[in-house]
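S.K.: For reference, the sequence and a predicted model appear below.
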Amino acid sequence: MTNKETEIEKIERYNHHGTWMAVRSNLKGKHREHCLCFICNKFDIKDREKNCPIANILYRLCVLTEIVTPVWECKGFEYSDRPI
Ligand code: SF4
């Protein structure tokens, strides 16, 4: 752990499918809570072919670079008519 991580005491590391990830402790496991896509009508986690192109590009970026990131803001958002 670096001095900066010790100072803010909010970063933890965990093994995610064989990769050591760093995450803010207060946000660990909360991706779905914060990502607009999970309450958007243009997103279907069970059928990615139906997802909007932005969500699919972001998904591919996350897989390729081994990051996890939510969508905070999006001009294309539409409230989902499906249960989450
Ligand atoms: S339109 Fe925006 S919020 Fe909706 S699925 Fe696509 S990227 Fe996510």
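M.R.: Noted; the coordinates are in hand.

S.K.: which helix in the protein runs the most residues?
M.R.: If you go by DSSP state H, the chain has its longest helix at helix 53-65.

S.K.: so does that helix get close to the ligand?
M.R.: Yes: Helix 53-65 is in contact with the ligand by Cβ under 6 Å from any ligand atom, via 54, 55. C-beta here means a position set from N, CA and C on the backbone, and glycine is covered the same way.

S.K.: Now do that helix, average pLDDT.
M.R.: Averaging pLDDT along helix 53-65 gives 95.

S.K.: neighbours around the closest residue to residue 48 other than its chain neighbours, how many?
M.R.: Excluding the flanking residues, the one nearest residue 48 by Cβ to Cβ, 6 or more residues apart in numbering is residue 56, at 6.1 Å. Using other Cβ atoms under 10 Å, residue 56 has 14 other residues around it.

S.K.: Residue 56 and residue 18: what is the separation?
M.R.: 24 Å (Cβ to Cβ, to the nearest Å).

S.K.: before we move on, what about residue 24?
M.R.: Residue 24 is 21 Å from residue 18, by Cβ to Cβ.

S.K.: for residue 43, same thing?
M.R.: Counting by Cβ to Cβ, the gap from residue 43 to residue 18 is 27 Å.

S.K.: before we move on, what about residue 39?
M.R.: Residue 39 is 30 Å from residue 18, by Cβ to Cβ.

S.K.: again with residue 62
M.R.: 16 Å.

S.K.: Could you do residue 53 as well?
M.R.: The value you get for residue 53 to residue 18, if Cβ to Cβ is used, is 29 Å.

S.K.: which of these two has more neighbours?
M.R.: Comparing residue 53 with residue 18 by other Cβ under 10 Å, the one with more neighbours is residue 53, at 9 against 5.
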